[in-house]
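Novice: Build the 3D model from these lines:
(one chain, ligands or ions: 2)
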Amino acid sequence: MSENILYSEWFNVAGLRSVINALSDADGGPRIVGGAVRDSLLGLSVSDVDLATKLVPTEVIRRLEGAGIKSVPTGIEHGTVTAVSDGKNYEITTLRRDVATDGRRAVVAFSSDWKDDAARRDFTINALYADAHSGEVYDYFSGLPDLEQGIVRFIGDADQRIAEDYLRILRYFRFFARFGKGDADPDAIAACAKGVHGLTALSRERIAQELTRLISLANPTLSMKLMVDHQIFAPFLPELDASAAERMASIVDREVAHSLPVSLPARLLTLLPREAAVVDRVSARLKMSNRLREQLAHRVTGELPSEVNIREIAYRKGIGCATDAATLYANSIEFELCLARLVNWDVPTFGIRGGDVIAMGVPAGPMVAKTLQAIEQAWISDDFPAIDNFLSKSRQIVGALLSATKKA
Ligand code: ATP
Ligand code: MG
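Specialist: Ligands and ions are numbered 1, 2, ... in the order given. Down below sits the predicted model:
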């Protein structure tokens, strides 16, 4: 691990350089902080760049404007201004100290001491700074060795840091899933377990957002297991399925084996029993979007997926739904068979319309829709043949239906 990020590609992009130049003077410049430094040191790609500065927010805005860079006061009460430069956003936060906290939000005071700013951050690996000009890394709480060894550790006393902001419990498990190696820090785990009741004080949106980020990671299995063992889900997800951790492990294995992309609805459903009412209640509680609620509902309703019905599920509810349903609910043999039925299969469209069945002799009126449904179901049962090859069977179905109606 090199302790300088000067040679990272993102560090030298023009949009970022002009923000940095606007915020630099004889007293020095801003520093890059947090995820960008951490991820760069690990050789991972960086998408968001956050900056820390001694300049107060009004001065940050004044200088950005002076340099012709758009600024948005996105979190001005916490000292954050967002610069929009070359189409990219950069969050610039004035060095600060948290003077009062109530488990949800902090009252802040600006500071000119980098170490104050580092001390209010959550984990040692998240409190690394890099000089915006030289790339030199500053580490106030042994984040570098922790990063190297895969230790996710609270800065300061874990109990106290959690009591300041209970969201840090979920953040801990998210960062452990991403960067942890070996066993989790026992102090951190004990403090998370002890503070877990505090999660009830947080807004459901914040919980849902953090939970979503955690379970969407490539492999949240170890964190999930720790969370289940320490009842971290209890305050916001009492419906948690008893085998949630094993199910998460199993779907991650299936995704990897078949290079399937991470699916948020599938990941969420590993946590819950396959019961539509429960899933809907949880979706409402965690204020999920209508689209996500519908995706979840599609996956838990209807027949269990199998080789026989998987294409019908894909046809009626989409290929993503069918893949998720198989990943979640099919046994391992059926799962392979289901995927084999879906791979390289384009979901066809049903090519017969009302006018076609009228031309076959069905009187215009309510019988048209009924006949179309019967033909469509037969076409699905025959495994979606090309419509031209299905016309004579369609005529037979029409004939049978017409003679049945005449008899009645
Ligand atoms: P990611 O790649 O997930 O975005 P990140 O480190 O950038 O990782 P963010 O959640 O974007 O994480 O937060 C940016 C930085 O702000 C963190 O690295 C950390 O220093 C600090 N931070 C964010 N949330 C908290 C919190 N609740 N308590 C303390 N520090 C926090
Ligand atoms: Mg970030």
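
Novice: how many neighbours does the closest residue to residue 310 other than its chain neighbours have?
Specialist: Spatial nearest neighbour of residue 310, excluding adjacent residues (CB to CB, 6 or more residues apart in numbering): residue 338 at 4.2 Å. Bear in mind the C-beta positions are built from the backbone N, C-alpha and C, glycine included. Close neighbours of residue 338, defined as other CB atoms under 10 Å, add up to 26.

Novice: check contacts around residue 338.
Specialist: Shown here is residue 338, whose contacts under the criterion CB atoms under 8 Å, 6 or more residues apart in numbering are 305, 306, 307, 310, 322, 326, 330.

Novice: Check residue 266 too.
Specialist: Contact criterion CB under 8 Å, 6+ apart gives 251, 299, 324, 327, 328 as the residues in contact with residue 266.

Novice: residue contacts, the fourth one?
Specialist: Shown here is residue 327, whose contacts under the criterion CB under 8 Å, 6+ apart are 251, 254, 255, 260, 263, 266, 335.

Novice: these two touch, right, the third one and residue 270?
Specialist: To tie it back to what came earlier, the one meant is residue 255. No - Residue 255 is not in contact with residue 270 according to CB atoms under 8 Å; the separation is 11.2 Å.

Novice: Those two - which one has more neighbours?
Specialist: Set side by side, residue 255 and residue 270 show unequal neighbour counts under other CB under 10 Å, the larger going to residue 270 at 22 against 19.

Novice: Against residue 77, how distant is that one?
Specialist: Note on residue 270: its distance to residue 77, by CB to CB, to the nearest Å, is 38 Å.

Novice: now residue 94
Specialist: Computed as CB to CB, the residue 94 to residue 77 distance reads 11 Å.

Novice: which one of these two has more residues nearby?
Specialist: Applying other CB under 10 Å to residue 94 and residue 77 shows that residue 94 carries more neighbours, namely 24 against 11.

Novice: Secondary structure element holding the residue in the stretch 151-300 of the chain that ligand 2 sits nearest to?
Specialist: With CB to the ion as the measure, residue 213 is the residue of the stretch 151-300 of the chain nearest to ligand 2, at 10.0 Å. Per DSSP states H and E, residue 213 falls inside helix 204-215.

Novice: got the buried residues for the helix or strand following that helix?
Specialist: Once helix 204-215 ends, the next helix or strand along the chain (criterion: DSSP H and E) is helix 221-229. Burial within helix 221-229, assessed by neighbour count using 16 or more other CB atoms under 10 Å, is assigned to 221, 222, 223, 224, 226, 227, 228.

Novice: Nearest to residue 39 among those residues?
Specialist: When the buried residues of helix 221-229 are ranked by distance to residue 39 (CB to CB), residue 223 comes first, at 18.3 Å.

Novice: Next one, pLDDT for that closest one please.
Specialist: Residue 223 carries a pLDDT value of 98.

Novice: Next, the contact list for it, please.
Specialist: Applying CB under 8 Å, 6+ apart to residue 223 gives the contacts 173, 174, 176, 177, 180, 214.

Novice: Mind telling me what element the second one is part of?
Specialist: Meaning residue 174. In this structure, residue 174 is located in helix 167-179 according to DSSP H and E.

Novice: Give me the mean pLDDT for that helix.
Specialist: For helix 167-179, mean pLDDT is 98.

Novice: so that helix versus helix 204-215, what angle?
Specialist: For the pair helix 167-179 and helix 204-215, the angle between their directions (axes from the mean of the first three to the mean of the last three CA atoms, to 10 degrees) equals 20 degrees.

Novice: what packs against the helix or strand just after helix 167-179?
Specialist: Using DSSP H and E, the helix or strand that follows helix 167-179 towards the C-terminus is helix 186-195. Applying 3 or more CB pairs under 8 Å, 6 or more residues apart in numbering; DSSP states H and E, we find helix 186-195 packed against helix 158-164, helix 167-179.

Novice: run the last query once more with 10 Å
Specialist: Using 3 or more CB pairs under 10 Å, 6 or more residues apart in numbering; DSSP states H and E, the elements in contact with helix 186-195 are helix 158-164, helix 167-179, helix 221-229.

Novice: May I have the longest one as PDB, with CA atoms only?
Specialist: As requested, C-alpha coordinates have been extracted for helix 167-179 and formatted as PDB (Å, rounded to 0.1, in the frame of the first residue of the first chain):
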ATOM      1  CA  LEU A 167     -26.700   4.900  12.500                       C
ATOM      2  CA  ARG A 168     -23.100   4.100  13.100                       C
ATOM      3  CA  ILE A 169     -24.200   0.600  14.100                       C
ATOM      4  CA  LEU A 170     -25.400  -0.200  10.600                       C
ATOM      5  CA  ARG A 171     -22.400   1.700   9.100                       C
ATOM      6  CA  TYR A 172     -20.100  -0.600  11.100                       C
ATOM      7  CA  PHE A 173     -21.600  -3.700   9.500                       C
ATOM      8  CA  ARG A 174     -21.500  -2.100   6.100                       C
ATOM      9  CA  PHE A 175     -17.800  -1.200   6.400                       C
ATOM     10  CA  PHE A 176     -16.900  -4.500   8.000                       C
ATOM     11  CA  ALA A 177     -18.500  -6.200   5.000                       C
ATOM     12  CA  ARG A 178     -16.400  -4.200   2.600                       C
ATOM     13  CA  PHE A 179     -13.100  -4.000   4.400                       C
END
